[in-house]
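quick one, what's the 3D model for this:
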Amino acid sequence: MATYEQVKDVPNHPEVFLIDVRRKDEIKQTGSIPASINIPLDELESALQLDGDNFKSKYGRCKPEKDSKIILSCRSGNRTLEAEKIAKALGYTKVVLYKGSWQDWAKREGL
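A predicted model of the protein is given here:
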């Protein structure tokens, strides 16, 4: 599990990938956690199978390596469980969940 403090520190660690698996309309309504990449859950499997150039073109960041640290976030933490299964099935080995996800972030940030 990733803690609020670890997520808050992600902007200082470009080697860490914070992936928000909420739908784009949810992000528009609430905003996002700084340094996060929005890859909706229904796109995650195909996104993680893109080649590096296409991933960067679509998501604005280099594609994570199989051993990159990936923190998964959603609204409350439920969709991250499915996202974790997808990422691990594709060979990503350092996948952790931000328990509480956006709800925890917004509460702690006073949003």
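
which residues lie in contact with the most centrally placed residue in the chain in this structure?
Residue closest to the mean C-alpha point of the chain, counted by CA atoms, centre = their mean, is Ile19 at 1.2 Å. Going by CB atoms under 8 Å, 6 or more residues apart in numbering, Ile19 touches 36-39, 44, 70-73, 83. The C-beta positions use only the backbone N, C-alpha and C, and glycine is treated the same way.

the same query, at a cut-off of 6 Å, please.
37, 39, 72 (CB atoms under 6 Å, 6 or more residues apart in numbering).

parallel or antiparallel, list what pairs with the one helix or strand it maps to.
Using DSSP states H and E, Ile19 sits within strand 16-20. Here strand 16-20 is paired, per DSSP bridges, with strand 36-38 (parallel), strand 69-73 (parallel).

chain center to the last one: distance?
This means strand 69-73. 5 Å (CA atoms, centre = their mean, to the nearest Å).

which outside residues touch it?
Under CB under 6 Å, 6+ apart, the answer for strand 69-73 is 2, 16-20, 64, 80, 83, 92, 94-98, 101.

go with 8 Å
2, 6-7, 10, 15-22, 33, 36, 64, 80, 83-84, 87, 92, 94-98, 101-102, 105.

name the next helix or strand downstream of it, please.
helix 78-89.

tell me who's in contact with Ile33.
Neighbours of Ile33 in contact, by CB under 8 Å, 6+ apart: 7, 10, 18, 20, 73, 102, 105.

next: Val7.
By CB under 8 Å, 6+ apart, the neighbours of Val7 are 18, 33, 71, 73, 98, 105.

closest one of these to Glu26?
The shortest approach to Glu26 among those belongs to Ser73, at 11.4 Å (CB to CB).

and that closest one, what pLDDT?
The model reports Ser73 with a pLDDT of 98.

gap between it and Gly52?
For Ser73, the distance to Gly52 equals 23 Å [CB to CB, to the nearest Å].
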